[in-house]
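Engineer: Quick one: sequence plus predicted model below, questions after.
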Amino acid sequence: MQLATISQVADWLEEHTTAISQRQEVLDTAKILQLLDELQILRQPLSNYWQMTEEEYYQNESDHQLTLQNEQQVLAQLHDRVLVNHVDGSFSKNELHFTYNHEDPYANQKYDVVSDLHTLEYGLEIIGAIQANTILADLRNNLSQDAVLSLG
């Protein structure tokens, strides 16, 4: 799968969020995981992380953007999301500076799928735009591992 499709997936998500949230359409999570794995930001495929404890991830790979508070909880149960919300810097100097926010799709103790889909769509949109304008190494060297895990 080509990385150019990151923005296309983000655009598709934007158009289909309502249908997905109403279970009229299915989100192809395997495609999204594949796209994120192809970035090679994380050391392992995303699917390998879900049964890892927060402590294992924190000690071995986290760049400490995520709020990890339950050491023995597996990452599949993590509620914090890192929203990739802004990027600035210089393409010509290979300097990118991503800005992140925390999002919690469980803010009211109930999962809000629309909030989670917006976090995913927006993050993919920014990553896709950067990917289209610079070399992959610059994206790999500057994008947060925790943000990629969060999108997964």
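Structural biologist: That came through fine.
Engineer: For the helix or strand bottoming out on mean pLDDT in the chain, name the packing helices and strands.
Structural biologist: Ranking every helix and strand in the chain by mean pLDDT, DSSP states H and E puts strand 81-90 at the bottom, with a mean of 83. In terms of contacts (3 or more CB pairs under 8 Å, 6 or more residues apart in numbering; DSSP states H and E), strand 81-90 is packed against strand 95-103, helix 113-131, helix 145-151. Where C-beta positions appear, they are placed from N, C-alpha and C, glycine not excepted.
Engineer: For whatever helix or strand comes next after the second one, list every residue counted as buried.
Structural biologist: In other words, helix 113-131. Where DSSP states H and E defines the elements, the next helix or strand beyond helix 113-131 is helix 136-142. Using 16 or more other CB atoms under 10 Å as the test for burial, helix 136-142 gives 138-139, 142.
Engineer: again with stretch 144-151
Structural biologist: Buried residues in stretch 144-151, defined by neighbour count with 16+ other CB under 10 Å: 144-151.
Engineer: got a list of contacts for that stretch?
Structural biologist: The contact list for stretch 144-151 (CB atoms under 8 Å, 6 or more residues apart in numbering) reads 32, 36, 39, 41-42, 46, 49, 57, 61-66, 75, 78, 80-84, 98, 100, 119-120, 123-124.
Engineer: and those, which are buried?
Structural biologist: Buried by 16+ other CB under 10 Å: 32, 36, 39, 41-42, 46, 49, 57, 62, 65-66, 75, 78, 80-84, 98, 100, 119-120, 123-124, out of those.
Engineer: just how off-centre is stretch 98-108 within its chain?
Structural biologist: Between the mean C-alpha location of stretch 98-108 and the chain-wide mean there is a distance of 11 Å, by CA atoms, centre = their mean, to the nearest Å.
Engineer: Would you mind listing the buried residues in that stretch?
Structural biologist: 98, 100, 103, 105.
Engineer: what's the neighbour count on residue 114?
Structural biologist: The number of residues packed near residue 114 is 13, by other CB atoms under 10 Å.
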